[in-house]
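*Asks:* below are the sequence and a predicted model for it; my questions follow.
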Amino acid sequence: MTHPFLDLAPLSAARFASIEDRVARLLATEQDVVVMQGEALLPLEGAIRATAGPGTTALNVITGPYGQTFGNWLRDCGATVYDLSVPYHTAVTAEQVREAFAEHPEIDFVSLVHAEAATGNTNPVAEIGEVVREQGALFYLDAVASVGAEPVLPDAWGVDLCVIGAQKAMGGPAGVSAVSVSERAWARMAANPRAPRRSYLSLLDWKERWIDGGRKALLHAPAQLEMLALEACVERIEAVGLEAVMARHRAAAAATRAGARALGGGLEPYVHQASEAAPVATTLRAPSGVSAADLVARALAAAPSAPLAVGGGALAKEMIRVNHYGPDATREAVEAGLTALGTALAATNGSSSVDVPAARAAAAAAWR
Ligand SMILES: *Cc1c(COP(=O)(O)O)cnc(C)c1O
């Protein structure tokens, strides 16, 4: 008997190319799109190593943990790196980026995370892109957590390297990812003697051996299971409509913020301004004196399927994450999360001020 996951026909080059084209349409881009055979960290690292070197001066914007990782890779490549860090409860502004260029006009590379699932903020990429373009720097964007939840428009925004993954708002699997690459970015890579070549990290290999060859021959056997899943996931977004998928994420974020405020007990949105809060996931600040990790553990013990997680590293003390993305971008998932948190909070500090029905009602109202 054939097994649906195991007995797969090899994935043809034509099928592979058609999946790339679908991803390009999702991003409304005319740039080359390379679908990478690995989790999003593969193109994120590959794109930095391909374009940065000892001659690079990078502005690395840090609005969460990924920005820190990018800074480390850039330094490892020999680049001079200026970090621009903003507190996790806010977003970076185009003005701050402009000031960084004024201080260091030699900056020729900007790395930015669009939305941070890990900290719940989202950055104004269109406005920042204008500044980066004016200055002629190369613009690298991590849009893994934003694609599917809010518009991601590399061409309109002047993004040279735009990395996405399927595992967040696209509602797909981890294990395949993609990057759109501008002509400028290809040129920078070709001129970089340290860009990975004949390497799994290499984007140039895909350019020279796949794209320039008319996408006839694949470099190696593709991860066919993941490629089929990526195709199905983009197909589903097309069927429902990207705008509808994004609207669900926006509604989930608004409902979570409103519900958390109405819940009481000292729970608050972690990101102060709603306009700076990511549609993909909402972070909440635990009430003072309450450990976020303990609260989430208690909530999940009672409601294991609630879309809750705790902030990473030192944030585990104070940050709760409501991961209302992909299949969990629903009113039911948001209400389940709020109910589980409210019940756990009432049990934790015996608070009479926790009002779960009010939270559910506020979430339902905000959803509409
Ligand atoms: C989720 C995410 C990634 C991918 O990393 P994983 O933690 O391995 O899923 C990359 N960048 C951002 C901003 C993300 O939110």
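*Replies:* Received it, and whenever you're ready, just let me know what you need. Remember, predicted model here, so these are calculated numbers, not experimental data. Numbers count the residues shown, from 1 in each chain.
*Asks:* pretty sure residue 274 is touching residue 254, no?
*Replies:* Yes: using C-beta atoms under 8 Å, residue 274 is in contact with residue 254, at 7.4 Å. For glycine as for every other residue, the C-beta is placed from the backbone atoms N, C-alpha and C.
*Asks:* more neighbours, the two?
*Replies:* It is residue 254, of residue 274 and residue 254, that has more neighbours when counted by other C-beta atoms under 10 Å, with 20 against 11.
*Asks:* relative to the ligand, which residue of the stretch 251-368 of the chain is the closest?
*Replies:* Across the stretch 251-368 of the chain, no residue is closer to the ligand than residue 280, which sits at 7.5 Å (C-beta to the nearest ligand atom).
*Asks:* count of neighbours near that residue?
*Replies:* Using other C-beta under 10 Å, residue 280 is surrounded by 30 other residues.
*Asks:* for residue 32, same thing?
*Replies:* 21.
*Asks:* over to residue 97?
*Replies:* Residue 97: 26 surrounding residues under other C-beta under 10 Å.
*Asks:* next secondary structure element downstream of whichever strand or helix holds it?
*Replies:* Taking DSSP states H and E as the criterion, residue 97 maps to helix 94-103. Moving toward the C-terminus from helix 94-103, the next helix or strand (DSSP H and E) is strand 109-113.
*Asks:* paired strands for that following strand, with orientation please.
*Replies:* Sheet pairing for strand 109-113, assigned by DSSP bridges, gives strand 57-62 (parallel), strand 138-142 (parallel).
*Asks:* just the CA trace of the helix or strand that it is followed by, in CSV.
*Replies:* Sequence order places helix 125-135 as the next helix or strand after strand 109-113, per DSSP H and E. What follows is helix 125-135, C-alpha atoms only, in CSV (Å, rounded to 0.1, in the frame of the first residue of the first chain):
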residue,chain,number,x,y,z
VAL,A,125,9.1,49.1,6.9
ALA,A,126,7.6,51.3,4.2
GLU,A,127,8.8,54.5,5.9
ILE,A,128,12.2,53.0,6.8
GLY,A,129,12.6,51.8,3.3
GLU,A,130,12.3,55.3,2.0
VAL,A,131,15.2,56.4,4.2
VAL,A,132,17.3,53.4,3.3
ARG,A,133,16.7,54.0,-0.5
GLU,A,134,17.6,57.7,-0.2
GLN,A,135,20.9,56.6,1.4
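*Asks:* can you report phi and psi for the residue nearest to residue 328 when sequence neighbours are not counted?
*Replies:* Spatial nearest neighbour of residue 328, excluding adjacent residues (C-beta to C-beta, 6 or more residues apart in numbering): residue 307 at 4.1 Å. Backbone geometry at residue 307, expressed as degrees, to the nearest 10, gives phi -80, psi 60.
*Asks:* tell me how many other residues crowd residue 307.
*Replies:* Using other C-beta under 10 Å, residue 307 is surrounded by 24 other residues.
*Asks:* how about low-confidence regions in this structure?
*Replies:* Residue ranges of the chain with pLDDT under 70: 350-351.
*Asks:* what about the strands in it?
*Replies:* In the chain, the segments counted as strands under DSSP state E are 32-36, 57-62, 80-85, 109-113, 138-142, 161-165, 177-181, 268-269, 282-285, 308-310, 319-322.
*Asks:* now those as TSV including distance to the ligand?
*Replies:* Converted to TSV, the strands of the chain look like this (distance: least, C-beta to the nearest ligand atom, whole Å):
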stretch	distance to the ligand
strand 32-36	12
strand 57-62	12
strand 80-85	15
strand 109-113	5
strand 138-142	5
strand 161-165	5
strand 177-181	8
strand 268-269	18
strand 282-285	12
strand 308-310	11
strand 319-322	11
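*Asks:* just to revisit the earlier point, looking at the strands paired with strand 109-113, which is buried most?
*Replies:* With neighbours taken as mean count of other C-beta atoms under 10 Å, these reach their highest mean count in strand 138-142, at a mean of 26.
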